[in-house]
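**Q** Quick one: sequence plus predicted model below, questions after.
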Amino acid sequence: MKKTGLLMLAVLMFVIAGCSSVSGGVDESAIETKIVSEPTDAVAGTPLKLTATVEGIEQMEDARIDFDIREETEKELPILITAEEKSEKQFEVTHTFTKPGKYWIYIHIYSGEDIHIIKRNEFQVK
């Protein structure tokens, strides 16, 4: 009986640790991403420069950022693009949206060996 109790406690601790909002000592709820496009009005068929600004995280010197672009319906596979660092905490990709509509852009933030944070942004294409 004692072993079962210890096993249940170990499983519970694992679940609680896995559901935490802290990734590698970083508070995910404090991190915000903002995406702007150039040109400002996103038009289908026109190449856009998308810039993500990441706020609320201090350790960014070794960060890698991926843009994960999905149609609102998510009927098609997402497009994953690794961004180039434009300046401190700003990361940039170029992408051409093939059709108008609402898109979800997930920003994947990787830093060090133990941090992977995902932030979702809504993006409208005319």
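**A** Thanks, I have it. Note that this is a predicted model, so its numbers are computed, not measured.
**Q** residues contacting the closest residue in space to residue 41 that isn't next to it in sequence?
**A** With C-beta to C-beta, 6 or more residues apart in numbering as the criterion, residue 41 has its nearest non-adjacent residue at 6.3 Å, and that residue is residue 126. No exception for glycine: its C-beta is placed from N, CA and C like everyone else's. Going by C-beta atoms under 8 Å, 6 or more residues apart in numbering, residue 126 touches 41-44, 100.
**Q** what about this structure, any weak spots by pLDDT?
**A** 1-25, 59-60 (pLDDT under 70).
**Q** Bridged to the residue positioned nearest the centre of the chain, which residues?
**A** The residue lying closest to the centre of the chain (C-alpha atoms, centre = their mean) is residue 107, at 2.3 Å. Beta-bridge pairing of residue 107 under DSSP bridges involves residue 67, residue 119.
**Q** Can you give me every residue that contacts it?
**A** For residue 107, the contact set (C-beta under 8 Å, 6+ apart) comprises 33, 35, 52, 54, 65-68, 118-121.
**Q** Looking at those, which is nearest residue 84?
**A** Nearest to residue 84 among the contacts of residue 107: residue 65, at 8.9 Å, using C-beta to C-beta.
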